[in-house]
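Undergrad: 3D model of this:
(chains A and B)
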2 protein chains.
Amino acid sequence: MRGFHAVILAGGSGERFWPLSTPERPKQFLQVFGGESLIRQSVTRLGGMAAAKDIFVITSRDLVAATRRELPELPSSNVVGEPMRRDTGAAVALGVGIAGGGGDPVVGFFPSDQLVGDPKGFRAALKKAIRLAKERSVIVTLGIRPSFPATGFGYVDPKTGRFVEKPDERKAKSYLKAGYLWNAGMFIARASTFRRAVVAHAPALSELTMPGFPLSSLAARYESLPRISFDFAVMEPVSRGTGRGSPLGVAVVPGDFGWDDVGSFAAFDTYFPHDSRGNVREGPCTVVESDGNICVARSARISLLGVKNLVVVTTPDSVLVADKAHISQMKKLFKKN
Amino acid sequence: MRGFHAVILAGGSGERFWPLSTPERPKQFLQVFGGESLIRQSVTRLGGMAAAKDIFVITSRDLVAATRRELPELPSSNVVGEPMRRDTGAAVALGVGIAGGGGDPVVGFFPSDQLVGDPKGFRAALKKAIRLAKERSVIVTLGIRPSFPATGFGYVDPKTGRFVEKPDERKAKSYLKAGYLWNAGMFIARASTFRRAVVAHAPALSELTMPGFPLSSLAARYESLPRISFDFAVMEPVSRGTGRGSPLGVAVVPGDFGWDDVGSFAAFDTYFPHDSRGNVREGPCTVVESDGNICVARSARISLLGVKNLVVVTTPDSVLVADKAHISQMKKLFKKN
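TA: This is a model prediction of the structure:
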């Protein structure tokens, strides 16, 4: 679509799928789900809605080279590396500055490490969002119809556009009953709308949103930027209508396009076949008297004997043996290694 | 001691400590316990009771070269390879033939893959056994005072010399009450006594016991030999006094010299220190929220997260993840790999 620019947000620490993913090859480079890397899929599913020259990637400085190799069709200057992590607030603001020049285009932000089972459905929702963003001074979010009361995502109320943070399980259940949708981190608005929202609610980041902001000075400026998420810094206040200046709003386009954030090894249980005892096996795995395991052998053969509900992953450098019920604690392990 | 020859029985399939041990490097080559290999320790603990020229090893043909490298002080012709597995009956008979020439020496048989915590105590018991074997027509066994009702060993009644097979747990408990000892597979007798016992109870093996039996014809003869253990073929009938010909008997010398057959990975729990959560760690192991595991990293770093009572072992070729309660089923895994 003319006047639409896409920004892929490709940070990532490589923790959740460690040791398959690493800080040097975080989750968006995983080729486990669907054959192509997740970041490759993120670009492919735009399906020509933005030309290659209008697709941008914000990643970390260390990942710029790998990202350019993975997406060779993008102009190399479209892949921009942040000098340090400053959460999604800074990344979105920077994306507005980089992608938002020339005739006030609609800019869409998309995570680089998600799966979408129905790309056509995704594009239909995106078209609706772009239309809305052109017509009104709103930041449009694609809200995912929840399939279970997840505690790992924020939610958005499609009636009011109100954003709420990751809930506990009790709250999550009440959100489902109330018809709330998952906030999947996909935001679409005119560049000028984003700019006004950032100026109003996160003024420390507003400089980044200006076209022509010199990238050579990023390192010096990032140091002092607040570590704050775009949801918290901008979407929540906008959704509460507390903005100063001209009225801005949030709009929600509900989507049902097989979205999955593939947030942990549990995704293997969703996307891979199981043997008769409920084990997923990728690579050379020998399994005896063992049930419900995820066995991913990327180097040496794995042999399981009498074990249940484990995630066992080998790479040439590392072996992970984790209880499935503990995989949300991967960060602890990561800090210790 | 003059007139004493020792035979180390060094077969082994490499199953119990797989993947640390392999068919090419079975348990007797493990250097995990006590720094030196177990077979090296088996020779060292004889402590000069037999000269190097009077120490013999029966192993499998494939392991002859590795065994000679491990025990370079032995004359290389003292390390003899069996052409195929025929259990301990054939191995002991062959050992009598090889080690039993010249002046009817006392021959002692010793496994190659055990630990002895008190070698002095071992030698004291052995001296007693040699004296008995010289004086009487008995096969002397070193009986180990049991520390628990093991079901993995045979037992011997020290009062009657009666041998009994591996019991179930109920029987094992009754054996302990009755003062039975563990049969650790260490037998001492004059060569002529062994020969008479074999002729009487396992005549198919008697040819092997003759000094001068041509080793070049082993392959042809082994094919047709019975697969039978020395305990079952000879010690049990001798101990029941059912021998034909001149009366032979069994004598038991009780021993208490820190004997351990290190029969499984459970030995790591016995011989290695534990961290505050009961984990044994050898090599680079990161442990988070995990208890009671044995973690042996011989190549890649192992990371444990939220797991309990596992044995996790990595070598460059293999990764084993087994529940401790299932390690007795290692054979099943081995067959499948």
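
Undergrad: can you give me the helices in the stretch 101-250 of chain A?
TA: With helices called from DSSP state H, counting those that start in this stretch, the stretch 101-250 of chain A shows them at A:119-135, A:169-177, A:191-201, A:218-222, A:230, A:236-239.

Undergrad: okay, those in TSV with mean neighbour count and distance to chain B next?
TA: For every residue, glycine as well, the C-beta is placed using N, CA and C. Listed next are the helices of the stretch 101-250 of chain A as TSV, based on neighbours: other CB atoms under 10 Å in any protein chain shown; distance: least, CB to the nearest CB, whole Å:
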stretch	mean neighbour count	distance to chain B
helix A:119-135	18	34
helix A:169-177	14	19
helix A:191-201	22	38
helix A:218-222	15	31
helix A:230	26	31
helix A:236-239	21	33
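
Undergrad: distance of the spatially most central residue of chain A from chain B?
TA: Central residue of chain A (CA atoms, centre = their mean): residue A:111, 3.0 Å from the mean position. As defined by CB to the nearest CB, to the nearest Å, residue A:111 lies at a distance of 25 Å from chain B.

Undergrad: in stretch A:94-103, what counts as buried?
TA: By 16 or more other CB atoms under 10 Å in any protein chain shown, the buried positions in stretch A:94-103 come out as A:94-100.

Undergrad: alongside chain B, which residues does the stretch 1-150 of chain A contribute?
TA: Residues of the stretch 1-150 of chain A found near chain B, taking CB under 8 Å from any CB of the partner chain as the criterion, are residue A:19.

Undergrad: so which elements touch the longest strand anywhere in chain A?
TA: Longest among the strand segments of chain A by residue count, using DSSP state E, is strand A:181-190. Packed against strand A:181-190, as judged by 3 or more CB pairs under 8 Å, 6 or more residues apart in numbering or on different chains; DSSP states H and E, are the following elements: strand A:106-111, helix A:119-135, strand A:138-144, strand A:154-156.

Undergrad: among these, which is nearest residue A:230?
TA: strand A:106-111 (7.9 Å; CB to CB).

Undergrad: give me the nearest residue to residue A:299, chain neighbours excluded.
TA: Nearest residue to residue A:299, sequence neighbours excluded (CB to CB, 6 or more residues apart in numbering or on different chains): residue A:316, at 4.5 Å.

Undergrad: that older thread, tell me which residues in the longest strand of chain A are buried?
TA: Here strand A:181-190 shows A:181-190 as buried, counting by 16+ other CB under 10 Å.

Undergrad: low-confidence ranges in chain A?
TA: Low-confidence segments of chain A, defined by pLDDT under 70: A:242-246.

Undergrad: what's the domain layout of it?
TA: Domain segmentation of chain A under automatic domain parsing yields A:4-260, A:266-336.

Undergrad: tell me how far the last one lies from the chain's centre.
TA: Domain A:266-336 has its C-alpha centroid displaced from the chain centroid by 24 Å (CA atoms, centre = their mean, to the nearest Å).

Undergrad: now do the end-to-end distance for it.
TA: Distance across domain A:266-336, first residue to last, is 22 Å (CA to CA, to the nearest Å).

Undergrad: wait, what's in contact with residue A:172?
TA: Contact analysis of residue A:172 by CB atoms under 8 Å, 6 or more residues apart in numbering or on different chains lists A:149-151, A:155.

Undergrad: ok, now with 6 Å
TA: When contacts are counted by CB atoms under 6 Å, 6 or more residues apart in numbering or on different chains, residue A:172 touches A:149, A:151.

Undergrad: before we move on, the earlier item: can you put the domains of chain A in a markdown table and add distance to residue B:278?
TA: As requested, those are exported to a markdown table (distance: least, CB to CB, whole Å):
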| stretch | distance to residue B:278 |
| --- | --- |
| domain A:4-260 | 25 |
| domain A:266-336 | 16 |
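
Undergrad: rewinding a little: quick check, the residue nearest to the centre of chain A in contact with residue A:185.
TA: Yes. Checked against CB atoms under 6 Å, the pair residue A:111 and residue A:185 is within contact range at 5.0 Å.
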